[in-house]
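In: structure for the following, please:
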Amino acid sequence: MNTSSPHALHSAPADFAYRSPPDPVDPDLAAIVKEIKNQANASVAVGAFGILFCGIILGPFAMYRGSKAHRLMRETDLGWEYKSRAKLGRELGFVAVSLWSLWILLNVVIAIVRAYAPA
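Out: Numbering: from 1, shown residues only. All right, here's what the predicted structure looks like:
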């Protein structure tokens, strides 16, 4: 052990480097991990687009894709490295639906107020 550094007890070994989890050797398991990755990534992309464009339609789709990825993770105990993406996609979908619902409600209220406002 190197004691010349005051942080020697808290430093990682010299050969330590972060490595992503190994790909499963079984082709069926690799296909499941790929499906989880695709669902999680699609969830984030659709959720982000949903905030900008037609979130009433795209938001639920993003929530569905993120939930599907999370369900596959729980059922197979694989692909947990994509959990945060799936969760982000679900949350973006919820935000998209919420914002677009508020926007539609606000426009309806404005239209009603203008219709009944004295000229």
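In: ranges for the helices of this structure?
Out: Using DSSP state H, the helices of the chain run over 27-52, 55-76, 83-116.
In: for the longest one, give the mean pLDDT please.
Out: Across helix 83-116, the average pLDDT comes to 94.
In: helix 55-76 and that one, what's the angle between them?
Out: Per axes from the mean of the first three to the mean of the last three Cα atoms, to 10 degrees, the angle that helix 83-116 makes with helix 55-76 is 160 degrees.
In: give me the angle between helix 83-116 and helix 27-52.
Out: Going by the same axes, to 10 degrees, helix 83-116 makes 30 degrees with helix 27-52.
In: so which elements touch helix 83-116?
Out: Secondary-structure packing of helix 83-116 (3 or more Cβ pairs under 8 Å, 6 or more residues apart in numbering; DSSP states H and E): helix 27-52, helix 55-76. Bear in mind the C-beta positions are built from the backbone N, C-alpha and C, glycine included.
In: how about TSV for those, with mean neighbour count and distance to Ser84 added?
Out: Output for the helices and strands packed on helix 83-116, formatted as TSV (neighbours: other Cβ atoms under 10 Å; distance: least, Cβ to Cβ, whole Å):
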stretch	mean neighbour count	distance to Ser84
helix 27-52	18	8
helix 55-76	20	10
